[in-house]
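Trainee: Predicted structure and sequence below. I'll ask about it afterward.
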Amino acid sequence: MLDLDPRTTALVLIDLQKGIIGRPLEPRSGAEVLAEGKGLAQRFRAAGALVILVRVAWAEDFADAPRQRVDAPMSVSSGALPADWIELVDDLAHPSDIVITKKQWGAFTGTELDLQLRRRGIRTIVLGGIATNFGVESTARHAWELGYEVVLAENACASTSHKLHDMAVGVIFPRIARVVQAADIGLVA
């Protein structure tokens, strides 16, 4: 059991939104990730800990999406995303939660996430969400560079392939975070 102080720990769930949760994911489905994320959020709220829900969104014409030249650019449809694409999954958000909208893989760049965490005295973040090696990993790397303690709830994450999930969990996260299962996270003041 990893006991964390709820006064200085926040749960940060990445991209549990209607446009992403139903995609083909591995090693577990979006529904399974959502169930673990909801369970963690309930435990954090009950302990008085902060819950932050992050979603990704762009303008209808994608004018604010990253445009750097890369070998495998993000594929965008010719039209706008469905109206509910950016909405958080039903029954996930609670009035006490903070919602952050990002326009990058990571949740720190261009958002108020760092300010919200520091003003509340948060020193540790527990991460979960989709995708393990994109939004979750990018947020974890930035958090680690900013000096936050990072905990990954492995079974509250999934990616586009088992291989990508395993590479992030087995190679990257152990160097910047503690990797645990959601049930092994305790909140003790």
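Mentor: Cool, got the structure.
Trainee: unless I'm mixing things up, residue 100 is touching residue 51, no?
Mentor: No: if you go by CB atoms under 8 Å, residue 100 and residue 51 don't touch, sitting 11.3 Å apart. No exception for glycine: its C-beta is placed from N, CA and C like everyone else's.
Trainee: Looking at those two, which one has more neighbours?
Mentor: residue 51 (23 against 19; other CB atoms under 10 Å).
Trainee: Tell me which helix or strand the more buried one sits in.
Mentor: strand 50-56 (DSSP states H and E).
Trainee: List the contacts of that strand.
Mentor: 9-17, 20, 41, 44-45, 86-88, 92-94, 96-103, 107, 111, 113, 116-117, 120, 122, 129, 135, 139 (CB atoms under 8 Å, 6 or more residues apart in numbering).
Trainee: again with stretch 89-100
Mentor: 13, 16-18, 21, 34, 37-38, 41, 45, 50-55, 88, 107, 111-113, 116.
Trainee: Swap in 6 Å and give it another go.
Mentor: With contacts defined as CB atoms under 6 Å, 6 or more residues apart in numbering, stretch 89-100 is touched by 16, 21, 34, 45, 51-54, 107, 111, 113, 116.
Trainee: swap in stretch 113-123?
Mentor: Under CB under 6 Å, 6+ apart, the answer for stretch 113-123 is 8, 10, 50, 98, 100, 107-108, 149.
Trainee: Mind putting the contacts of stretch 89-100 into a markdown table with pLDDT and distance to residue 70?
Mentor: Output for the contacts of stretch 89-100, formatted as a markdown table (pLDDT from 0 to 100; distance: CB to CB, whole Å):
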| residue | pLDDT | distance to residue 70 |
| --- | --- | --- |
| 16 | 98 | 26 |
| 21 | 96 | 26 |
| 34 | 98 | 30 |
| 45 | 98 | 39 |
| 51 | 98 | 33 |
| 52 | 98 | 28 |
| 53 | 98 | 28 |
| 54 | 98 | 22 |
| 107 | 98 | 20 |
| 111 | 98 | 22 |
| 113 | 98 | 24 |
| 116 | 98 | 30 |
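Trainee: Now which of those would you call buried?
Mentor: 16, 21, 34, 45, 51-54, 107, 111, 113 (16 or more other CB atoms under 10 Å).
Trainee: from the chain's centre, how far out does the helix or strand of the chain with the lowest mean pLDDT sit?
Mentor: When the helices and strands of the chain are scored by mean pLDDT, DSSP states H and E, helix 18-21 comes last with a mean of 95. What separates the centre of helix 18-21 from the centre of its chain is 13 Å, taken as CA atoms, centre = their mean, to the nearest Å.
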